[in-house]
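A.B. asks: What would the 3D arrangement of this be:
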Amino acid sequence: MPVSLGTPEMLYNYSYVSTCFTSIYAVQQLFKQVFTFALSVSFIVERILGVVGKALFRAHVEGQLKNKIMSKPELFVDPDLELSLVLLDQKECTRAAEHTRPT
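C.D. replies: The predicted structure follows:
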């Protein structure tokens, strides 16, 4: 039995197909926006890493970072007052171990 354009079945089928295509289009647009955002974020991160990498390379090659640290090491290094005692203790333990080592 042929279905005419005016039957409720035809209108239901058209509505269903239209809804499916609208949903597919919406999902495509969403993926397009997400992909565009991901590309822009990756581009920004790539640029930041490039700038930081170049700055570190220049500081290392030109010795600026080393000169800055050596001029005022207290700004970059936290002194550990117990470290010298620990190192001396290790030195004494090494000497004691060398004397007790079998030959």
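A.B. asks: mind checking which helix or strand the residue nearest to the spatial centre of the chain is in?
C.D. replies: By C-alpha atoms, centre = their mean, the chain has its centre lying nearest to Val45, at 8.3 Å. According to DSSP states H and E, Val45 maps onto helix 8-62.
A.B. asks: how far away is Glu82 from Lys91?
C.D. replies: Relative to Lys91, Glu82 is positioned 15 Å away (C-beta to C-beta, to the nearest Å). Every residue, glycine included, has its C-beta placed from N, CA and C.
A.B. asks: okay, the two: which has more neighbours?
C.D. replies: Taking other C-beta atoms under 10 Å, Glu82 and Lys91 do not tie; Lys91 has more neighbours (10 against 7).
A.B. asks: Assign Val77 to helix, strand or coil.
C.D. replies: When classified by DSSP: H, G, I helix; E, B strand; the rest coil, Val77 comes out as coil.
A.B. asks: That one and Val41: what is the separation?
C.D. replies: From Val77 across to Val41, the span is 36 Å (C-beta to C-beta).
A.B. asks: again with Ser18
C.D. replies: Plainly put, Ser18 is 35 Å away from Val41 if you go by C-beta to C-beta.
A.B. asks: for Phe76, same thing?
C.D. replies: According to C-beta to C-beta, Phe76 stands 33 Å off from Val41.
A.B. asks: any weak-confidence spans in this protein?
C.D. replies: 1-17, 62, 101-103 (pLDDT under 70).
A.B. asks: mind running it again at 50?
C.D. replies: Along the chain, segments meeting pLDDT under 50 span 3.
A.B. asks: what does the following helix or strand past the helix holding Val45 rub up against?
C.D. replies: Moving toward the C-terminus from helix 8-62, the next helix or strand (DSSP H and E) is helix 64-71. The contact list for helix 64-71, computed with C-beta atoms under 8 Å, 6 or more residues apart in numbering, reads 58-59, 75-77.
A.B. asks: and the angle for helix 64-71 with helix 8-62?
C.D. replies: 60 degrees (axes from the mean of the first three to the mean of the last three C-alpha atoms, to 10 degrees).
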